[in-house]
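*Asks:* Here is a sequence together with a model predicted from it:
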Amino acid sequence: MSRILIRGGTVVSATGSQPLDVLIDGETIVAVLQPGATALGDVAASAQIIEATGKYVIPGGVDAHTHMQLPFGGTEASDTFETGTRAAAWGGTTTIVDFAVQKPGETVQDTLALWHDKAAGRCAVDYGFHQIVGDVNPESLKGMAELVAEGVTSFKLFMAYPGVFYSDDGRILRAMQRSAELGALLMMHAENGIAIDVLVEQSLQRGDTAPYFHGTSRPWQLEEEATHRAIMLAQVTGAPLYVVHVSAKQALEQIATARGNGQNVFGETCPQYLYLSLEEQLGAPGFEGAKWVCSTPLRSRAEGHQDELWRYIRTGDVTSVATDHCPFCMKDQKELGRGDFSKIPNGIGGVEHRMDLMFQGVKDGRISLERWVDVCCTTPARMFGMYPRKGVIAPGADADIVLYDPNGHTSIGVGKTHHMNMDHSAYEGFEVDGHVDTVLSRGRVIVDDGAYLGRAGHGRFVKRELSQNLI
Ligand code: URP
Ligand code: ZN
Ligand code: ZN
């Protein structure tokens, strides 16, 4: 197996940054050394050298929330496991955790097997699965134990989308009881879907059918209420709770309070909620706003959600930043909702841009360099039972490493840095003061200096442990 020495860079971890060299043997990091350490002798002499002077050397990104080829809204998310993980690699993400989906009438075991089939042999980077439990019944509750044994240790439920993925409070309670028994993490889409459906119907009846009204019919109060309810149900059952794609500052306040009380409650947000807004994007002229229809929705900038979300990243109450990558093209997909926003497939693509967009937060003084690595790499790895194999540069870890140029530049947009299978970019025109230069996945250079060197099938399934992040 080949040896690689990454030399002259600054290794950034969740706790600090220092000039260090990194030695890789085969797929694994074998040593992290003082710069120029002579003790290496023959080992270094035989290694391929990667020069990292002036670069940050960081763990490969871990995006714990993606939906490759998700069947949704009468269509399917436009990135396959092949195209989506290749785009992830381009953007410095070397592990994704995607969602297998159980719908009513199906078993969790069968649907997980189906998702394994979709991904196996096609991924550019490593991948794991969460399981969506869309039909909480005695069989699925029993099946959850099997999935945990197979390395699928987190389960997502929905308080939104009645008739599709929705679970009522009784079902949620039962699934949480089971999660608590198993020590598995319960992930929650926290929006009051029953109330939202009434508001959607009333909006359409009034003739308010444009994409903007997707946002106004999902007010923050219904995210806050559902988040509070989920926290209370988790408290009753003792289940650890991870609230996905939080966009309302009030929902984060609920999470912060629960965390302050010592509860195992965690918040995830996504770059779209930090950078984009109800007014500017969902409110774009004509049908343009459809590009940004996702749930939870983008929130009002006038109400200050975006700034507060950044603050909650600093306080630690947002524990991880994922993308909720769920791309749909405008043509033939988002267009399904022309004249009726409720028929626009929900989702935004961004798996390629998370590391860059969050680095811009460092440049803008919103978060520290170390917090960038923490929320994008280390904590997601710990949260979802992949640490210390993923999310850290340390001996024994997989050699998933990104060389990031803090003086580089990235222009985002279709025809620029865009490799996702989408006919538009949610971040078209964004300019980032940094650049993903080189990406290694398990010791292989898969992106280097603007060239893709990876291959479909290099990525392997990651059998995850229980969460390592519980209080
Ligand atoms: O709009 C979104 N978030 N689409 C993906 C499905 C989900 O709820 O995460
Ligand atoms: Zn969701
Ligand atoms: Zn999602």
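*Replies:* Here it is on my side, so go on. Ligands and ions are numbered 1, 2, ... in the order given.
*Asks:* residue contacts, the closest residue to D374 other than its chain neighbours?
*Replies:* Leaving out its chain neighbours, the residue that sits closest to D374 by CB to CB, 6 or more residues apart in numbering is A14, at 3.7 Å. Placement of C-beta: from N, CA and C, glycine included. A14 is in contact with E370, R371, V373, D374, C377, T378, T379, V392, counting by CB atoms under 8 Å, 6 or more residues apart in numbering.
*Asks:* Most neighbours among the residues you listed, which one?
*Replies:* Neighbour tally across the contacts of A14 (other CB atoms under 10 Å): the maximum, 33 neighbours, falls on C377.
*Asks:* and the residue nearest to it when sequence neighbours are not counted, how many residues sit next to it?
*Replies:* In space, and not counting its chain neighbours, C377 is closest to P59: 4.3 Å by CB to CB, 6+ apart. Close neighbours of P59, defined as other CB under 10 Å, add up to 31.
*Asks:* State the distance from P59 to D437.
*Replies:* Between P59 and D437 the distance is 15 Å, computed by CB to CB, to the nearest Å.
*Asks:* again with G260
*Replies:* Counting by CB to CB - G260 and D437 are separated by 40 Å.
*Asks:* Give the helix, strand or coil label for M330.
*Replies:* What DSSP: H, G, I helix; E, B strand; the rest coil gives for M330 is coil.
*Asks:* Next, it: phi, psi?
*Replies:* phi -70, psi -50 (degrees, to the nearest 10).
*Asks:* now H409
*Replies:* Torsion angles, degrees, to the nearest 10, at H409: phi -150, psi 140.
*Asks:* Does it touch D437 like I think?
*Replies:* No - judged on CB atoms under 8 Å, H409 makes no contact with D437 at a distance of 11.5 Å.
*Asks:* Those two: who's more crowded?
*Replies:* Using other CB under 10 Å as the criterion, H409 and D437 rank with D437 on top: 20 against 11.
*Asks:* any idea how far that one is from S203?
*Replies:* Distance from D437 to S203, by CB to CB: 46 Å.
*Asks:* Next: P388.
*Replies:* Taken as CB to CB, the span from P388 to S203 is 48 Å.
*Asks:* G408 too?
*Replies:* For G408, the distance to S203 equals 44 Å [CB to CB].
*Asks:* do the same with R366
*Replies:* Taken as CB to CB, the span from R366 to S203 is 34 Å.
*Asks:* Okay, domains of the chain per the record?
*Replies:* Split into domains by the TED database, the chain comes to 3-58+392-415+429-452, 61-384.
*Asks:* Among those, which comes closest to ligand 1?
*Replies:* Comparing these by their distance to ligand 1 (CB to the nearest ligand atom), the top pick is domain 61-384, with 3.3 Å.
*Asks:* So is the closest one next to ligand 1?
*Replies:* Yes - using CB under 6 Å from any ligand atom, we find that domain 61-384 touches ligand 1 at H67, H189, H245, C294, S295, D324, C326, N346, G347.
*Asks:* For stretch 231-247, output the C-alpha coordinates as PDB.
*Replies:* The C-alpha coordinates for stretch 231-247 follow below in PDB (Å, rounded to 0.1, in the frame of the first residue of the first chain):
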ATOM      1  CA  ILE A 231     -38.600  17.800  23.200                       C
ATOM      2  CA  MET A 232     -41.300  17.100  25.700                       C
ATOM      3  CA  LEU A 233     -42.100  13.700  24.200                       C
ATOM      4  CA  ALA A 234     -38.300  12.900  24.200                       C
ATOM      5  CA  GLN A 235     -38.200  14.000  27.900                       C
ATOM      6  CA  VAL A 236     -41.100  11.700  28.800                       C
ATOM      7  CA  THR A 237     -39.400   8.700  27.000                       C
ATOM      8  CA  GLY A 238     -35.700   9.400  27.600                       C
ATOM      9  CA  ALA A 239     -35.000   9.300  23.900                       C
ATOM     10  CA  PRO A 240     -32.000  11.300  22.600                       C
ATOM     11  CA  LEU A 241     -33.400  13.800  20.100                       C
ATOM     12  CA  TYR A 242     -31.800  15.400  17.100                       C
ATOM     13  CA  VAL A 243     -33.900  18.100  15.400                       C
ATOM     14  CA  VAL A 244     -33.100  18.300  11.700                       C
ATOM     15  CA  HIS A 245     -33.000  21.300   9.500                       C
ATOM     16  CA  VAL A 246     -33.900  23.900  12.100                       C
ATOM     17  CA  SER A 247     -34.700  27.300  10.500                       C
END
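*Asks:* Could you check that stretch and say which residues are buried?
*Replies:* By 16 or more other CB atoms under 10 Å, the buried positions in stretch 231-247 come out as 231, 233-235, 237, 239-247.
*Asks:* Between which two of those is the distance greatest?
*Replies:* Taking CB to CB, the two most distant members of the buried residues of stretch 231-247 are T237 and S247; they sit 25.3 Å apart.
*Asks:* start to end distance for stretch 34-46?
*Replies:* Using CA to CA, to the nearest Å, one end of stretch 34-46 lies 18 Å from the other.
*Asks:* which residue packs closest to T75, ignoring adjacent ones?
*Replies:* Among residues not flanking T75 along the chain, Q333 sits closest, at 5.0 Å (CB to CB, 6+ apart).
*Asks:* Make sure that neighbour is actually in contact with D79.
*Replies:* No - taking CB under 8 Å as the definition, Q333 is not a contact partner of D79, at 11.8 Å.
*Asks:* ok, these two, which is more surrounded?
*Replies:* Neighbours were counted for Q333 and for D79 using other CB under 10 Å; D79 has more, 28 against 23.
*Asks:* OK, contacts around the more buried one?
*Replies:* Applying CB under 8 Å, 6+ apart, the residues contacting D79 are M68, Q69, A87, H325, P327, G349, V351, M420, N421, M422.
*Asks:* Tell me which helix or strand it sits in.
*Replies:* Taking DSSP states H and E as the definition, one finds D79 inside no helix or strand.
*Asks:* Could you do the one 4 residues further on as well?
*Replies:* Counting by DSSP H and E, the secondary-structure element that holds T83 is helix 81-90.
*Asks:* Neighbour count for G408 and S203, which is higher?
*Replies:* S203 (19 against 16).
*Asks:* by how many degrees do the longest strand belonging to the chain and helix 81-90 diverge?
*Replies:* Criterion DSSP state E: the longest strand present in the chain is strand 93-102. Calculated by axes from the mean of the first three to the mean of the last three CA atoms, to 10 degrees, strand 93-102 forms an angle of 150 degrees with helix 81-90.
*Asks:* Can you check what angle separates the helix or strand just after strand 93-102 from strand 93-102?
*Replies:* Downstream of strand 93-102, the next assigned helix or strand under DSSP H and E is helix 108-119. If you take the same axes, to 10 degrees, helix 108-119 sits at 140 degrees to strand 93-102.
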